[in-house]
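> Just a sequence and a predicted model for now, questions to come.
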Amino acid sequence: MSGIEQARTWIEQARSVAILTGAGISAESGIPTFRGTGGLWRNHRPEDLATPEAFARDCLLVWEWYDQRRQWIAKAAPNPGHFAIARLQRSKPGCTLITQNVDGLHDRAGSAGILKLHGDIWRLRCTTCRAEWPDRRAPLPRLPPKCQCGGIARPGVVWFGEDLPPGAWSSAQEAAQSVETLLVVGTSAVVYPAASLIPLARAAGATVVEVNTEETPASTAAHCCLRGLSGEILPALIPVPPDS
Ligand code: OAD
């Protein structure tokens with residue numbers, strides 16, 4: 001049995017499946033990943049921009065980077081990998097999608113109940129009064145954007161050193177500890193605590209399948225590593241049902 005056939009059987013037979021996605025699933029939609037080629041923006045590393053300290057030091061620079069990412073994402077569309085995951089969610093009630101991505105492409109592919117560990121780039125939050133609101137304009141007309149109260153707004157994402165949204169994080173931990181199969185897609189698995197879900201699931205007895213173009217620290221915890229593009233592997237793993 002090939003790796004794909006084996007993984008497909010595990011997914012089909014599992015009563016519950018969780019999927020953890022990272023930037024790699026959106027790479028084929030044209031959105032640059034954080035650590036791959038093209039990960040640098042104007043010679044800045046994401047880790048140096050996505051922090052409260054960077055925002056406090058130079059909120060305009062940080063906003064220019066997020067505004068650029070918002071423009072890339074606005075031009076992008078979900079790819080066959082996103083659609084395959086949405087299909088799996090529809091066919092399997094006990095299926096939890098956990099993402100580190102803030103791009104909203106899973107939503108646009110039809111996924112529901114997504115546990116967004118790192119927030120949502122299409123939401124803004126006031127640094128003064130904490131009000132939060134959606135804003136899909138790209139580019140934003142003025143940087144930094146302001147709240148009605150006059151305070152400076154920040155992207156509605158989680159930065160390095162900040163806590164994950166507590167509800168999403170506890171649901172993700174619960175899922176990791178209870179699923180039969182965990183599918184890990186397009187993540188370098190180096191950013192914690194999200195990456196800790198992989199050994200957590202493995203320790204709790206889940207079968208772990210990794211889909212990635214490259215080896216990662218998660219590869220050693222995986223029972224099966226499928227090397228290649230998620231936009232090609234996921235549709236093969238989760239085929240369109242014959243009657244649709
Ligand atoms: P990374 O950019 O660190 O990793 C992307 C992964 O996707 C790499 O392991 C690539 O090998 C893989 N990859 C690239 N193209 C692929 C494709 N077409 N198919 C399958 N795999 C592919 O992205 P994340 O792991 O998501 O956090 O990064 C985690 C977090 O670090 C992000 O959520 C963000 C970032 O800084 C915050 O901003 C807090």
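Sure, I can see it. Residues are numbered from 1 along each chain as shown.
> contacting residues around the helix ranked longest in the chain?
Secondary structure of the chain per DSSP state H: the longest helix is helix 59-75. Helix 59-75 is contacted from outside by 30-32, 41-42, 44, 49-50, 54-55, 103-105, 121-122, 136, 138-140, 143-145, 152, 154-155, 157, using C-beta atoms under 8 Å, 6 or more residues apart in numbering. For every residue, glycine as well, the C-beta is placed using N, CA and C.
> Could you list the buried residues of that helix?
Buried residues in helix 59-75, counting neighbours by 16 or more other C-beta atoms under 10 Å, are found at 59, 61-67, 69-70, 73.
> filter the contacts of helix 59-75 by proximity to the ligand?
When contact is defined as C-beta under 6 Å from any ligand atom, the contacts of helix 59-75 meet the ligand at Ala50.
> Please indicate which of the contacts of helix 59-75 are buried?
31-32, 41, 49-50, 54-55, 103-105, 121-122, 138, 140, 143-145, 152, 154-155, 157.
> So which of the residues you listed belong to helices?
Among the buried ones among the contacts of helix 59-75, DSSP H puts 49, 54-55, 105 in helices.
> I'd assumed Leu200 was in contact with Gln173.
Yes: judged on C-beta atoms under 8 Å, Gln173 makes contact with Leu200 at a distance of 6.7 Å.
> Is any residue of stretch 60-69 near the ligand?
No: Stretch 60-69 does not reach the ligand (C-beta under 6 Å from any ligand atom); its nearest approach is 10.0 Å.
> Out of the buried ones among the contacts of helix 59-75, name the ones that lie in strands.
121-122, 154-155, 157 (DSSP state E).
> nearest to the ligand, of the residues you listed?
Val157 (6.1 Å; C-beta to the nearest ligand atom).
> picking up where we left off before, and the furthest pair within the ones in strands among the buried ones among the contacts of helix 59-75?
Using C-beta to C-beta, those span at most 13.3 Å, a distance reached by Trp122 and Arg154.
> How about the residues of this structure by the ligand?
Going by C-beta under 6 Å from any ligand atom, the residues of the chain near the ligand are 22-24, 27-28, 33-36, 46, 50, 100, 118, 158-160, 186-188, 191, 211-214, 216, 229-230.
> hmm, back to that, looking at the longest helix of the chain now, give me its mean pLDDT.
Average pLDDT, helix 59-75: 96.
> one step back: now do the shared contacts for Gln173 and Leu200.
Joint contacts of Gln173 and Leu200 (C-beta under 8 Å, 6+ apart) do not exist.
> on that earlier part again, now render the ones in strands among the buried ones among the contacts of helix 59-75 as JSON lines, adding distance to Ala168.
Compiled in JSON lines, those are given as follows (distance: C-beta to C-beta, whole Å):
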{"residue": "Ile121", "distance to Ala168": "15"}
{"residue": "Trp122", "distance to Ala168": "16"}
{"residue": "Arg154", "distance to Ala168": "18"}
{"residue": "Pro155", "distance to Ala168": "17"}
{"residue": "Val157", "distance to Ala168": "13"}
